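> Okay, sequence plus prediction incoming.
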Amino acid sequence: MRVFLDTNILLDCLLERGPLSKDSRLCFKSCVGKGIIMLMSDLSVANINYITRKDYNRAEFNAAILKLTEFVDIVEVGSSYILEALYLDWKDFEDSLQYLSAMQAQADCIVTRNIKDYEASALEVLTPHDFISKYL
């Protein structure tokens, strides 16, 4: 199974952002060693850097991303997907890029805390809790 993790799931795992992050961390940890391929976009790496710049210095950020990549494969967005995203009728451009990255990576589903952001997705979209309940 190929599981695309939205940026909010990765941030939950890195920053341990309160009670909502518990399911994200459990989902992530439960996938490890189960033959589940976890995926994230290169856009997520940039987003994580921007959001965590006050929490992590450059060396800490580098270490966190390197640790993440021990478990999560990075999918390149690429210029063709950026152009394609311009024509998707989605409210949020970044979400459309994440979706196209998941499609390009042949993900079976997207795991996010923001289900409504992916209403137009042809892929199954699950919260961490729902993913755990259904697949783990």
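Okay, I see it.

> Tell me where this protein has helices.
7-15, 21-31, 42-52, 58-68, 79-86, 93-104, 128-135 (DSSP state H).

> so which of these gets nearest Ser121?
helix 93-104 (5.7 Å; C-beta to C-beta). In this view, the C-beta of every residue, glycine as well, is placed from N, C-alpha and C.

> by contact count, what packs against the closest one?
In terms of contacts (3 or more C-beta pairs under 8 Å, 6 or more residues apart in numbering; DSSP states H and E), helix 93-104 is packed against strand 2-5, strand 37-41, helix 42-52, strand 72-75, helix 79-86, strand 109-111.

> try 7 Å this time
The helices and strands touching helix 93-104, judged by 3 or more C-beta pairs under 7 Å, 6 or more residues apart in numbering; DSSP states H and E, are strand 37-41, helix 42-52, helix 79-86.

> So for the last one, mean pLDDT?
Which is helix 79-86. What helix 79-86 shows for mean pLDDT is 94.

> Setting aside sequence neighbours, what's the nearest residue to Val45?
Ile65 (6.0 Å; C-beta to C-beta, 6 or more residues apart in numbering).

> Report how many residues lie close to that neighbour.
Ile65 has 20 neighbouring residues, counting by other C-beta atoms under 10 Å.

> and if you look at the one 3 residues further on?
Using other C-beta under 10 Å, Leu68 is surrounded by 20 other residues.

> residues in contact with it?
Shown in contact with Leu68 (C-beta atoms under 7 Å, 6 or more residues apart in numbering): Leu10.
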